[in-house]
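In: Provide a 3D model corresponding to the input given below.
(chains A and B)
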There are 2 protein chains.
Amino acid sequence: MLIECIPNLSEGRRADVVTGFADAVRAVAGVRLLDVSSDASHNRSVLTLVGDANGVEQAVLALFERAVAAIDLRTHTGEHPRLGAVDVVPFVPIEGITMGECVALAKRVGAAVAERFKVPVYLYEEASANPARRNLEDIRRGEFEGLAAKMASTDWTPDYGLPAPHPSAGASVIGARMPLIAYNINLATDRLDVAKKIAAAIRHSSGGFRHVKAAGFKLQDRGIVQVSMNLTNYEKTPIFRVFEVVKREAERYGVSILESEIVGLVPSAALNAAAEFYLQIEGFRPDQVLENKLRSLNAQL
Amino acid sequence: MLIECIPNLSEGRRADVVTGFADAVRAVAGVRLLDVSSDASHNRSVLTLVGDANGVEQAVLALFERAVAAIDLRTHTGEHPRLGAVDVVPFVPIEGITMGECVALAKRVGAAVAERFKVPVYLYEEASANPARRNLEDIRRGEFEGLAAKMASTDWTPDYGLPAPHPSAGASVIGARMPLIAYNINLATDRLDVAKKIAAAIRHSSGGFRHVKAAGFKLQDRGIVQVSMNLTNYEKTPIFRVFEVVKREAERYGVSILESEIVGLVPSAALNAAAEFYLQIEGFRPDQVLENKLRSLNAQL
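Out: Numbering: from 1, shown residues only, chains lettered A, B, ... in the order given. Below is the predicted model of the structure:
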């Protein structure tokens, strides 16, 4: 069983504090710390860990213990919006675990955080039962400074804990989501308006695909433009469909696709779905992927 | 490290003998027996095993010991061509091992077989240094019955052992190859001539792609035809290129592709290459596949 967990903590300047976070995770059995990225201007650190349910649960609780002691949001400044010392904790199902099980994990961790550390918790994304409280941006709007007033509203009663911020640690947003795919398509033109129009056509906020966030940018050094995207659910809004629509919309302006790029990681299933679509493969099963088959047989025997 | 090995043995009728082969593999540490398929009319069994280099080497030598004792080709009959008790042994690199290392393994096993069991060995496919002796069909032509005469020719001196067949066990063909992909494309027509013409256009033997074997068939029950293929090196002759040429050739006859199908297993990299091609993804690296990255980090830590 493999769960990815990416805690976002509101400290990106004090190296000793960030080192303490990493040490806290490394001390937990059943979990691996894969990456720590700190940004001083954001004053924020993002940890990437993987492990089984118990491992990531213990690691997140250990992070809360350190962060609540070390971070005081009353004196915290930084460019990135935040409402808590441990700001956001998503659990992402990778292998051998369902989304439903990650939701259950998020709820278990949320309840434990509120009880042990007196930090109120909002559930988000797949873990949220309330459509108005699914999006991180909506929950975080107003930030730490506006939190006491926001929590007083019945619309923003936390899912766990009392409806008042922790004095120094604010509140935390914990949930479960699909792996994100950061996907860019570069167009063979320098016309920024074309990239912006295409971004508007495909993103959810302006009527496009449900699981696409998109914006148009100029790549100054190359003299071209880019449709930059986050695909937030590759099963329901697959890469190939987004690609084909971008290609078609670009044609309308006499523009062709120069190339696309995947930034960072992509789940194997997202690439396989594209191969199946274009090669018109019928009846394909994941256990036909040689490595999957050999691994699963190896695990069974 | 993961190597797949698929020994083909010339016994498919005596269940106790086949069980003995399976037991011999299971007794070896570092190797897993994934499948045993016996065919009585072929009088042949195909074992699928995976393991590290030492594990598959020991398993293959254990199989030789059993097979040389149990099989006598002088009285063996069956539909499938064969020249040895252990007829063919390919080693296939899956993960964490190069083709070059599999070639070295094939040579080591070949030398050991000739020395211990007095069975002469031909190297084939990637392990063969001689282009005229790469193809299994060429090596096996004449079968066990013609072997003594064939071996007397200097063209067919074995790579290991004396140039005379083992009296009862003949000779063996050992080598290294890429994973095969069995890939079929179904056409929206009942015209067998179209499938046959397309198969001829794409297969190596009649001027097509180097790593494609192909034939045209009628699927009687569905009233359509099929271009049935073996792709013997998906890196050098990728699936998407074959698909696109079949599609273009079919258009020439006013025929479209109904669907394609992958029979059995396909390496993840072969599907990823198709996704990269169609989505025009530039600069993609295998370690961007989420599962690959997490596994390799997990292994390192």
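
In: near chain B, which residues of the stretch 1-150 of chain A?
Out: Listed as neighbours of chain B in the stretch 1-150 of chain A under the rule C-beta under 8 Å from any C-beta of the partner chain: A:2, A:4, A:32, A:34, A:50, A:94-95. Where C-beta positions appear, they are placed from N, C-alpha and C, glycine not excepted.

In: same thing but at 7 Å, please
Out: Proximity of the stretch 1-150 of chain A to chain B, by C-beta under 7 Å from any C-beta of the partner chain, involves residues A:2, A:32, A:34, A:50, A:94-95.

In: quick check, nearest of the residues you listed to residue B:296?
Out: Nearest to residue B:296 among those, counting by C-beta to C-beta, is residue A:34 at 10.2 Å.

In: tell me if that closest one really is in a strand.
Out: Yes. Counting by DSSP: H, G, I helix; E, B strand; the rest coil, residue A:34 is found in a strand.

In: quick one, which of the residues of the stretch 1-150 of chain A next to chain B are buried?
Out: Listed as buried from the residues of the stretch 1-150 of chain A next to chain B are A:2, A:32, A:34, A:50, A:94-95; burial here means 16 or more other C-beta atoms under 10 Å in any protein chain shown.

In: most widely separated two among those residues?
Out: A:34 and A:95 (14.6 Å).

In: for the stretch 1-150 of chain A, just list every one of the helices.
Out: Here the stretch 1-150 of chain A has its helices, by DSSP state H, counting those that start in this stretch, at A:15-26, A:53-70, A:99-117, A:136-140, A:147-152.

In: just to revisit the earlier point, tell me the one of the buried ones among the residues of the stretch 1-150 of chain A next to chain B nearest residue A:13?
Out: The closest of those to residue A:13 turns out to be residue A:34 (C-beta to C-beta; 22.4 Å).

In: right, and residue A:54 touches residue A:28 too?
Out: No. The pair residue A:54 / residue A:28 is not scored as a contact, 9.2 Å apart, by C-beta atoms under 7 Å.

In: more crowded one of these two?
Out: Between residue A:54 and residue A:28, counted using other C-beta atoms under 10 Å in any protein chain shown, the more crowded position is residue A:28 (21 against 14).

In: separation between that one and residue A:61?
Out: Applying C-beta to C-beta, to the nearest Å, the value for residue A:28 to residue A:61 is 9 Å.

In: what do you get for residue A:269?
Out: Applying C-beta to C-beta to residue A:269 and residue A:61 gives a distance of 30 Å.

In: next one: residue A:255
Out: Residue A:255 is 51 Å from residue A:61, by C-beta to C-beta.

In: spatially nearest residue to residue A:67 (excluding sequence neighbours)?
Out: Excluding its sequence neighbours, the residue lying closest to residue A:67 (C-beta to C-beta, 6 or more residues apart in numbering or on different chains) is residue A:85, at 4.4 Å.

In: do residue A:236 as well
Out: For residue A:236, ignoring the flanking residues on the chain, the nearest one in space by C-beta to C-beta, 6+ apart is residue A:211 at 5.6 Å.

In: so the one you found touches residue A:235, yeah?
Out: No. Counting by C-beta under 7 Å, residue A:211 does not reach residue A:235; the two are 8.7 Å apart.

In: these two - which one has more neighbours?
Out: Neighbours of residue A:211 and residue A:235, each counted by other C-beta under 10 Å, are more numerous for residue A:211; the result is 20 against 12.

In: which residues touch the more buried one?
Out: Shown in contact with residue A:211 (C-beta atoms under 7 Å, 6 or more residues apart in numbering or on different chains): A:204, A:231-233, A:236-237.

In: in TSV: these, plus distance to residue B:90, pLDDT and neighbour count.
Out: Output for the contacts of residue A:211, formatted as TSV (distance: C-beta to C-beta, whole Å; pLDDT from 0 to 100; neighbours: other C-beta atoms under 10 Å in any protein chain shown):
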residue	distance to residue B:90	pLDDT	neighbour count
A:204	50	92	14
A:231	40	96	25
A:232	43	92	19
A:233	41	92	18
A:236	41	92	12
A:237	41	95	19
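
In: now for residue A:57, how many residues are close by?
Out: Residue A:57 has 22 neighbours, counted by other C-beta under 10 Å.

In: is it in contact with residue A:109, as I believe?
Out: Yes. Using C-beta under 7 Å, residue A:57 makes contact with residue A:109 at a distance of 5.5 Å.

In: secondary structure class for residue A:164?
Out: Secondary structure for residue A:164, judged by three-state DSSP, is coil.

In: pull out the buried positions in stretch A:15-27.
Out: Buried, per 16+ other C-beta under 10 Å, within stretch A:15-27: A:17-18, A:20-22, A:24-25.

In: typo on my end, stretch A:216-234
Out: A:216-217, A:224-229, A:231-234.

In: quick one: the strands in the stretch 201-301 of chain A?
Out: In the stretch 201-301 of chain A, the segments counted as strands under DSSP state E, counting those that start in this stretch are A:212-219, A:224-231, A:257-263.

In: among the ones you listed, which comes closest to chain B?
Out: Closest approach to chain B among the strands of the stretch 201-301 of chain A is made by strand A:257-263 (4.2 Å; C-beta to the nearest C-beta).

In: how many residues are close by residue A:140?
Out: Residue A:140: 23 surrounding residues under other C-beta under 10 Å.

In: state the distance from it to residue A:1.
Out: For residue A:140, the distance to residue A:1 equals 30 Å [C-beta to C-beta].

In: please apply the same query to residue A:14.
Out: Distance from residue A:14 to residue A:1, by C-beta to C-beta: 34 Å.

In: repeat for residue A:246
Out: Noted for residue A:246: a distance of 36 Å to residue A:1, by C-beta to C-beta.

In: the more surrounded of the two?
Out: Using other C-beta under 10 Å, the more surrounded residue of residue A:246 and residue A:1 is residue A:246, with 23 against 14.

In: need the nearest residue in space to that one, chain neighbours excluded.
Out: residue A:185 is the one closest to residue A:246 (C-beta to C-beta, 6+ apart), at 5.2 Å.

In: any idea what the one you found is bridged to?
Out: Following DSSP bridges, residue A:185 is listed with bridge partners residue A:227, residue A:260.

In: pretty sure it is touching residue A:262, no?
Out: No. Taking contacts as C-beta under 7 Å, residue A:185 lies outside contact range of residue A:262: 10.7 Å.

In: the two: who's more crowded?
Out: Ranked by neighbour count (other C-beta under 10 Å), residue A:185 and residue A:262 place residue A:185 first, with 27 against 24.

In: and the helices of the stretch 1-150 of chain A as a markdown table, adding mean pLDDT?
Out: A markdown table is the format used below for these (pLDDT from 0 to 100):
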| stretch | mean pLDDT |
| --- | --- |
| helix A:15-26 | 97 |
| helix A:53-70 | 98 |
| helix A:99-117 | 98 |
| helix A:136-140 | 94 |
| helix A:147-152 | 96 |
